[in-house]
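Student: Give me a model of this one.
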Amino acid sequence: MQRIKTQTVVTLLMVLVFYTGACTHTTNSATTASTSAKSQVAPEAANDKYSQEIAKLNQLVTKKPKSPATKETHLKLARLYSDYQNNNRNYQKALEHLQTYIRLDNGTIDGDTLNWLASLEEIGRLLKEVDAQNRRIGQIKKKLEQSQKETSALTRTNRKLRREEISLRDKTRRLEESNMKLQKTIEMLKELDQRLEEKRRNFNSKR
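Tutor: Numbers count the residues shown, from 1 in each chain. Next up is the predicted model:
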């Protein structure tokens, strides 16, 4: 749990670094106008605008992959995919487009862009690690549920066995009591037989 909290903090810091770096690629006037326009648009409408713009730029990249404008299109896509106001942010897509932009750029990449790249790479790594953790948690939950089912089944079986044991003990007790009565009856019959035998002897001796 502590590890996940630490990863979350690191992720937030990386997002902050990325956003700071991304902002340097736009002019102050463009940033001010964009912020003002977004603040006046409802979240749903703004997000729909992101989706439409991303779809349009992706079409341009697909139709004209070797166009000189394609490089800047990849940069715009990287910004749109990772914009903090985009509810459908996709850092993996942002990283892919930024990497493509860097490959297409023949000039020297500035430090801010490299910082942005490093941030997206770290975010991608952390997201993969979180996904792996979630998969492990899911597997553990399944094992726990299976264990609980097995425990419940064993509990029911144990209850049944206890009831059978009680029933068998009761039957054994009754049989033992019956056996004792039979033994007493046998002893009485033996004594009676002995007495009858003595009487027969006495009777025969008198004759």
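Student: List the residues that contact Ala69.
Tutor: Going by Cβ atoms under 8 Å, 6 or more residues apart in numbering, Ala69 touches Leu60. In this view, the C-beta of every residue, glycine as well, is placed from N, C-alpha and C.
Student: could you point out where this structure is predicted with low confidence?
Tutor: 1-46, 107, 207 (pLDDT under 70).
Student: Tell me which helix or strand Glu96 sits in.
Tutor: helix 91-104 (DSSP states H and E).
Student: Check which helices and strands whatever helix or strand comes next after that helix is in contact with.
Tutor: Once the chain leaves helix 91-104, the next helix or strand it forms, by DSSP H and E, is helix 111-206. Applying 3 or more Cβ pairs under 8 Å, 6 or more residues apart in numbering; DSSP states H and E, one finds that helix 111-206 makes contact with helix 2-23, helix 91-104.
Student: Go through stretch 168-177 and flag the buried ones.
Tutor: Along stretch 168-177, not one residue counts as buried under the neighbour rule (16 or more other Cβ atoms under 10 Å).
Student: Provide the contact partners of that stretch at residue level.
Tutor: By Cβ under 8 Å, 6+ apart, the list of residues contacting stretch 168-177 from outside is empty.
Student: What helix or strand is the residue nearest to Asp105 when sequence neighbours are not counted located in?
Tutor: Excluding the flanking residues, the one nearest Asp105 by Cβ to Cβ, 6 or more residues apart in numbering is Lys71, at 6.1 Å. Assigned by DSSP H and E, Lys71 belongs to helix 68-82.
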